[in-house]
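Engineer: Need the 3D shape of this:
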Amino acid sequence: MSRPAKLVLAVIDSLKPAMLDGAMAEGRAPALKAIAERGVYVRNCVSSYPSVTPVASATIATGVGPGEHHIPSMNWYHRGEERYVEYGSSFEATRAFGIRRSLYDTVYNMNMAHLSREHLTVFEHLDDAGLRTAGTTYLIYRGRHRHEMQAGGVYPAIARLAQFRHAVWGPTELFYADLFASRKTPCRSMLGRPGMRDQHTGCVGAYLVENDLFDFMLFSLPDNDTWSHKYGPASQLQSIAAADRALERIMHVAGGPERFLDEHAVIVMSDHSQTLIEERVNLSDVLAGWQVLGPREGTADGAEIAISPAARSAMVYVVEPERRERLLPAIEHRLQDEQGIDLIAKLTSPEEASVWSRRGELRFAPGGELEDLRGGRWSVEGDLSALTLDTSNGSVQSREYPNALRRLWSALTCPGSGDLLLSATPGFEFVDWGGVDHVGGGSHGSLHRDDSEGVLMFAGTGPASEGDRAQWTLEDASSAILEHFRVGS
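Structural biologist: Predicted coordinates:
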């Protein structure tokens, strides 16, 4: 049996399919065009819900949704520890919760404590099979190899002063900002500064390709997200070109695009998309009638509710479970009056959930006669227009909210999820705890298709055609990688 080709998974944060099409048509993305012409190009791969980077990254790495991988959002309330977890919504939000605490949650706790141990990452699967794994700076990096913080350098020294001393477990070759590096290279990321991250990935990736140091590499390109947040999704041509240059760099050291693609399989994907933001919603103001837990409060004593805004998604928690039944109806009623809130979802029992929108309300549960595009089965009662559901011919689907029932159910059943899950109206975004929004720019997070449908490309691996699945989602990346290497999940 022949040895599988080396495989690169390139994740371009917030890559919008229409903008990639434009970049390739204008000649600004030759590397991505070469990949697209070699294989299968899916333009509507469905993200997780919430469609924010920590949740989506965990889904890409594990092949399961938040109900199973247990990363609920960018910001969430940890009931067991009675505190918020903030993974970096903005620098201002990080500062509001305490820079050290937020960075500790992001660098260490996300992988080592919050991410479920019941589902292996793709790194762990491949490490266990004896394959050489590699990863550039990516939120989910958990693998089987122990990595100490770098011994020298300004940024590791600063990190040690802030009590960042622990080793991590990652892929065989791990390059995480300037904190962890399994080998000495000339590459620097300036601690993951926006605008430098794609360059760092390109530098590290080229080193790994040139020295034949991996069988599988996760090649993370996050700068498109930062650019699109600031200038809007219609501005992505420039940031896509920057991501493409990083890909060109690894192709160049292999002898050019043709030779690289002869020797490597490639998967390119976005974790979600972005949509234009015109208005903001400040949930602290909307719910000012209740005692809201603040970011700096040491305990939840005295607070009635916790609020977790995450771009175009948000969660509301009742702090004391015994008060949930009394408080939730009034909170929900107040939220329904807010123009910027499109959907409100909640569990009505362990077996059933409900969704409210201005179009109506429906209840749904796993199991039943209706089949979604992924083969899941559901029972649905109430007003189908709440999620613009089509149930003709025994199926259930929604163009406006792709894979809606499966995504909502996974989010609602995540152990860290709120009592109410909110999805913003198109054009609106929830202000984060640092007071930051992206009005005039782009954002993501909601259940809506404009946030949720991204790019998925296969070259030298994967399906024979886009039609091999009725609906592609982030969950398909992990299974495609394991199938490529003939590793059982």
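Engineer: longest strand of the chain?
Structural biologist: strand 360-371 (DSSP state E).
Engineer: So residue 239: helix, strand or coil?
Structural biologist: helix (DSSP: H, G, I helix; E, B strand; the rest coil).
Engineer: ok, the next helix or strand after the longest strand of the chain: who's next to it in the sheet?
Structural biologist: As assigned by DSSP states H and E, the chain's next helix or strand after strand 360-371 is strand 377-382. Strand 377-382 sits in its sheet next to strand 360-371 (antiparallel), going by DSSP bridges.
Engineer: what sits up against the partner strand?
Structural biologist: Residues outside strand 360-371 that contact it (C-beta atoms under 8 Å, 6 or more residues apart in numbering) are 348, 351-355, 376-387, 389, 391, 394-396, 405, 408-409. Yep, even glycine has a C-beta here, placed from its N, CA and C like the rest.
Engineer: go on, stretch 292-300?
Structural biologist: 77, 82-84, 86, 93, 96-98, 284, 303-307, 319, 433.
Engineer: Just those: which are in helices?
Structural biologist: 93, 96-97, 284 (DSSP state H).
Engineer: Closest to residue 219 out of those residues?
Structural biologist: residue 93 (27.5 Å; C-beta to C-beta).
Engineer: And for the residue nearest to the closest one when sequence neighbours are not counted, the neighbour number?
Structural biologist: Nearest-residue entry for residue 93: residue 434, 3.6 Å, with adjacent residues in sequence omitted and distances by C-beta to C-beta, 6 or more residues apart in numbering. A count of nearby residues for residue 434, using other C-beta atoms under 10 Å, gives 17.
Engineer: Go ahead and confirm residue 434 touches residue 86.
Structural biologist: No - counting by C-beta atoms under 8 Å, residue 434 stays clear of residue 86, with 9.1 Å between them.
Engineer: Now the common contact residues for these two.
Structural biologist: Listed contacts common to residue 434 and residue 86 are 93-94, 96; contacts here mean C-beta under 8 Å, 6+ apart.
Engineer: Could you export these as CSV, including neighbour count and pLDDT?
Structural biologist: Formatted as CSV, these follow (neighbours: other C-beta atoms under 10 Å; pLDDT from 0 to 100):
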residue, neighbour count, pLDDT
93, 24, 96
94, 22, 93
96, 21, 95
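Engineer: Turn these into JSON lines, including distance to residue 204.
Structural biologist: Conversion of these to JSON lines gives the following (distance: C-beta to C-beta, whole Å):
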{"residue": "93", "distance to residue 204": "28"}
{"residue": "94", "distance to residue 204": "25"}
{"residue": "96", "distance to residue 204": "32"}
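Engineer: which one of those residues sits closest to residue 182?
Structural biologist: For the shared contacts of residue 434 and residue 86, the nearest to residue 182 is residue 94 (26.7 Å; C-beta to C-beta).
Engineer: if I pick the residue lying closest to the closest one once chain neighbours are set aside, what's in contact with it?
Structural biologist: Nearest non-adjacent residue to residue 94, counting by C-beta to C-beta, 6+ apart: residue 102, 4.3 Å away. Counting by C-beta under 8 Å, 6+ apart, residue 102 touches 86-88, 93-94.
Engineer: Doesn't residue 102 lie inside a helix?
Structural biologist: Yes - counting by three-state DSSP, residue 102 is found in a helix.
Engineer: mean confidence score for stretch 23-40?
Structural biologist: Stretch 23-40 comes out with an average pLDDT of 97.
Engineer: how about it: buried residues?
Structural biologist: Across stretch 23-40, burial judged by 16 or more other C-beta atoms under 10 Å covers 23-24, 28-36, 38-40.
Engineer: And stretch 341-357, by the same measure?
Structural biologist: Neighbour-count burial for stretch 341-357 [16+ other C-beta under 10 Å]: 341-347, 353-357.
Engineer: In strands, which of these fall?
Structural biologist: 341-347, 353-357.
Engineer: Pull the most distant pair out of the residues you listed.
Structural biologist: Across these (C-beta to C-beta), the longest gap, 19.0 Å, separates 342 and 347.
Engineer: Out of the buried residues of stretch 23-40, which two are the most distant from each other?
Structural biologist: Largest pairwise distance in these, by C-beta to C-beta, is 21.9 Å, between 28 and 40.
Engineer: Now do stretch 287-301, average pLDDT.
Structural biologist: Mean predicted lDDT for stretch 287-301 stands at 88.
Engineer: And that stretch, how far out from the chain middle?
Structural biologist: 27 Å (C-alpha atoms, centre = their mean, to the nearest Å).
Engineer: just stretch 179-187 next, same as before
Structural biologist: 25 Å.
Engineer: Also stretch 75-89?
Structural biologist: 17 Å.
Engineer: Low-confidence ranges, this structure, go.
Structural biologist: 1, 151-163, 190-194, 489 (pLDDT under 70).
Engineer: hmm, 50 instead?
Structural biologist: Applying pLDDT under 50 to the chain flags no residue at all.
Engineer: one step back: tabulate the ones in helices among the contacts of stretch 292-300 in CSV, adding columns for distance to residue 248.
Structural biologist: Shown next, in CSV, are the ones in helices among the contacts of stretch 292-300 (distance: C-beta to C-beta, whole Å):
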residue, distance to residue 248
93, 34
96, 39
97, 38
284, 45
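Engineer: From these, pick the one nearest residue 114.
Structural biologist: When the ones in helices among the contacts of stretch 292-300 are compared against residue 114 (criterion: C-beta to C-beta), the nearest one is residue 97, at 15.2 Å.
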